[in-house]
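Chemist: below are the sequence and a predicted model; questions follow.
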Amino acid sequence: MRVPGIIYAGEQLIEDMDEKVREQLTNVATLPGIRRAAYAMPDAHWGYGFPIGGVAAFDPDEGGVISAGGVGFDISCGVRALHTGLTVDQMEPRRIELADALFRSVPAGVGSTGTIRLNEKEMDEMLCGGANWAIARGYGSPEDLERIEESGCASGAKPECVSHEAKKRQAREMGTLGSGNHYLEIQRVAEVFDSATAAAFGLQLNDIVVSIHCGSRGLGHQVGTDYLKAMVIEGHRPIPDRELACAPIYSELGQHYVGAMRAATNCALANRQIITHLVRNAFREVVPGAKLALLYDVSHNTCKIERHTVNGASRELFVHRKGATRAFGPGHSDLPPSLRAVGQPVLIGGTMGTESYVLVGTGESEDLAFSSACHGAGRSMSRTQAAKKWQGRKLIDELHEKGVLIRTRSFRGVAEEAPGAYKDVNAVAEAAEHAKLARRVVRLVPLICVKG
Amino acid sequence: MAGWEHFSHGSDIGVRGFGHTVEEAFEQAALALTAIVADVSRIGQVETVEVHCDAPDLELLLVSWLNAIIYEMAVRTMLFSKFLVVMSGCSLTGTLVGEEVDLERHRVAVEAKGATVTALRVVHNHDGQWVAQCVVDV
């Protein structure tokens, strides 16, 4: 190991943590150019070479590497939250209507397609422009950009490094939610931990919030597939070391991947922007007074260039966050003016039927984990086990009794995503706070969940 | 004996195919992949698609094969329930037989994002059986 491996979690979470997390963290700590430590967040679990819930930073000037597995297949998968400007009492009478309108408006699930078709030139423009591109096409307003990481556009994207196959896979998938653990939720602020920060985020008890969890769809998946293979072949690593496939950042392959990954990031940002537009349309139809301003948009499968201090020197590092969220503390220069005094909103997704959280970045997180925090609950049970244990239809009825309306086209998909198949998100958020990675601001409970 | 099964992975699913030959193990692994997405027994055999893959070794060929199927499923919005594999060294020609996705009839669960090199193995066991497996990201 070139650096230590550090796991942040409570006793119970560590006890329940897959042994593979320790193994994978140890392996990541051996990679060239890694700085300070390989970190695992409280929700860490077995990933692809890198643990999911893993953070690792590499110095390009010290032979540092970039890894397709360390970013993940769903490049720039993330969570976006919107204020509705409504309270639960204002929304409640229209809840069923709203659930149906959202389900009609936002394509979700296997094989679902959007209405947007891009020609080759438009596809490349989208891959360079991200959310900016979407807004220029009328999907949202310029005010949205301030509340998206990197102002909604990853610079240095190289559409020419994205394969024809990846672009073809995206052809009908713009503005679609996807499947698996992706969702669109309407949530209520059920608990406020820090009223001053909540107020700065524009949140108070019983407010209604929209959360969108999705990523770069087929294009990102294909970029991940293409470059994982290229890195495995070029790396000449023996099995089972292949999982750690990576390329020196300054190599030709490394640079191509960086350009393609940024293009896929823009695809994810454009996708979440289009979905936001569809959500706004659905609300307009049912609850015309709703405002739907952006609270924040965070990606949790990324590799970003950031400046951090290592051994007293300021260095430009490539920070991989696979299933981990950037969590800038108060005063960080990359935060928009409206958030700089309080810190970055950190959006932690639950699963249908369970809580989600909004946390805020801390000043301490920079030294603890390159300003990073957890991203969600993480599974505690495999999909296969979950599908055997629960029945989708029954689960939907049970959740309905608990006050959560589910809209889906796949009962089996719902069974595989059963709340009981996930770790306790409350314990994960609490552990992040105790470790000082981020601080809890509000807890959200779902009222409507559109599942892919 | 030819067959397939799923195995557990932290957040995703492992696919494992068995067979008398490596080709058969690859065909069975493809059925295991399809079974992640939908109910294989409900997928009709209406249309045929051919794919070609090359890789430096058998393990990467399995990953390429499964990713070729994932790609065809995505761009054609189709599901496949019959697979035929012909291999020559580390080159593969596969025939996929299936039909357009019908969310309700096929009992679709989740889409596959990509086959990974995690838990990747293609081995010829001492009992003469071939095993081909890896984890699929969903």
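Modeler: Here it is on my side, so go on.

Chemist: which strand or helix spans the residue in chain A positioned nearest to chain B?
Modeler: With C-beta to the nearest C-beta as the measure, residue A:46 is the residue of chain A nearest to chain B, at 3.3 Å. Yep, even glycine has a C-beta here, placed from its N, CA and C like the rest. Residue A:46 is part of strand A:34-48 when elements are defined by DSSP states H and E.

Chemist: following that strand, which helix or strand shows up next?
Modeler: The helix or strand immediately downstream of strand A:34-48 is strand A:50-58, counting by DSSP H and E.

Chemist: who does that next one pair up with?
Modeler: strand A:34-48 (antiparallel), strand A:313-322 (antiparallel) (DSSP bridges).

Chemist: now the next helix-or-strand element following the last one: average pLDDT?
Modeler: Using DSSP H and E, the next helix or strand after strand A:313-322 towards the C-terminus is strand A:325-326. Taken as a whole, strand A:325-326 carries a mean pLDDT of 98.

Chemist: how about the helix or strand following strand A:325-326: buried residues?
Modeler: On the C-terminal side of strand A:325-326, the closest following helix or strand by DSSP H and E is helix A:337-340. When burial is assessed from 16 or more other C-beta atoms under 10 Å in any protein chain shown, helix A:337-340 yields the following buried residues: residue A:339.

Chemist: tell me how far helix A:337-340 lies from the chain's centre.
Modeler: Mean-position distance between helix A:337-340 and its chain equals 21 Å (C-alpha atoms, centre = their mean, to the nearest Å).

Chemist: stretch A:273-291 too?
Modeler: With C-alpha atoms, centre = their mean as the basis, the distance from the averaged C-alpha position of stretch A:273-291 to the chain average is 22 Å.

Chemist: now do stretch A:130-148
Modeler: Going by C-alpha atoms, centre = their mean, where stretch A:130-148 is centred and where its chain is centred differ by 18 Å.

Chemist: go on, stretch A:206-213?
Modeler: Relative to the centre of its chain, stretch A:206-213 is centred 15 Å away, using C-alpha atoms, centre = their mean.

Chemist: and residue A:448, what does it touch?
Modeler: A:95, A:98-99, A:102, A:185-186, A:404-405, A:407 (C-beta atoms under 8 Å, 6 or more residues apart in numbering or on different chains).

Chemist: can you give me phi and psi for it?
Modeler: When read as degrees, to the nearest 10, the backbone of residue A:448 gives phi -140, psi 140.

Chemist: look up the closest residue to it, ignoring the ones flanking it.
Modeler: With sequence-adjacent residues excluded and distances taken as C-beta to C-beta, 6 or more residues apart in numbering or on different chains, residue A:448 is closest to residue A:186, at 4.0 Å.

Chemist: make CSV from the strands paired with strand A:50-58 and add distance to residue B:18, mean neighbour count and mean pLDDT to it.
Modeler: Conversion of those to CSV gives the following (distance: least, C-beta to C-beta, whole Å; neighbours: other C-beta atoms under 10 Å in any protein chain shown; pLDDT from 0 to 100):
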stretch, distance to residue B:18, mean neighbour count, mean pLDDT
strand A:34-48, 24, 27, 94
strand A:313-322, 32, 20, 97
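
Chemist: grab the nearest non-local neighbour of the most centrally placed residue in chain A.
Modeler: In chain A, the centroid-proximal residue (C-alpha atoms, centre = their mean) is residue A:78; its distance is 2.1 Å. Taking C-beta to C-beta, 6+ apart as the measure, residue A:78 lies nearest to residue A:299, with 3.7 Å between them; neighbours along the chain are not counted.

Chemist: wouldn't that neighbour be in contact with residue A:74 here?
Modeler: No - with contact defined as C-beta atoms under 8 Å, residue A:299 and residue A:74 do not form a contacting pair (9.9 Å).

Chemist: shared neighbours of the two, anything?
Modeler: Taking C-beta under 8 Å, 6+ apart as the criterion, residue A:299 and residue A:74 both touch residue A:268.

Chemist: so is stretch A:267-287 next to chain B?
Modeler: No - with C-beta under 8 Å from any C-beta of the partner chain as the criterion, chain B is not reached by stretch A:267-287; the gap is at least 12.9 Å.

Chemist: pick out the residue nearest the middle of chain B.
Modeler: In chain B, the C-alpha closest to the average C-alpha coordinate belongs to residue B:30, at a distance of 1.8 Å (C-alpha atoms, centre = their mean).

Chemist: so where's the chain shaky on pLDDT?
Modeler: The chain I'm using is chain A. Segments of chain A classed as low confidence (criterion: pLDDT under 70) are A:236-240.

Chemist: can you look at chain B instead?
Modeler: Of all residues in chain B, none has pLDDT under 70.

Chemist: thinking again about what came up before, okay, and the beta partners of the residue nearest to the centre of chain A?
Modeler: Note on residue A:78: beta-bridge partners residue A:214, residue A:299, judged by DSSP bridges.

Chemist: thinking again about what came up before, ok, which of the strands paired with strand A:50-58 comes nearest residue A:122?
Modeler: Checking the strands paired with strand A:50-58 against residue A:122 by C-beta to C-beta gives strand A:313-322 as the closest, at 29.6 Å.

Chemist: who touches that closest one?
Modeler: By C-beta under 8 Å, 6+ apart, the surrounding residues in contact with strand A:313-322 are A:35, A:47, A:50-61, A:64, A:66-67, A:69-72, A:249, A:300-310, A:326, A:370, A:372.

Chemist: from these, which would you call buried?
Modeler: When neighbours are counted using 16+ other C-beta under 10 Å, the contacts of strand A:313-322 contain these buried positions: A:35, A:47, A:50-60, A:64, A:66-67, A:69-72, A:249, A:300-304, A:306, A:308, A:326, A:370, A:372.

Chemist: that older thread, and the residue nearest to residue A:78, how close does it get to residue A:279?
Modeler: Counting by C-beta to C-beta, to the nearest Å, the separation of residue A:299 from residue A:279 is 19 Å.
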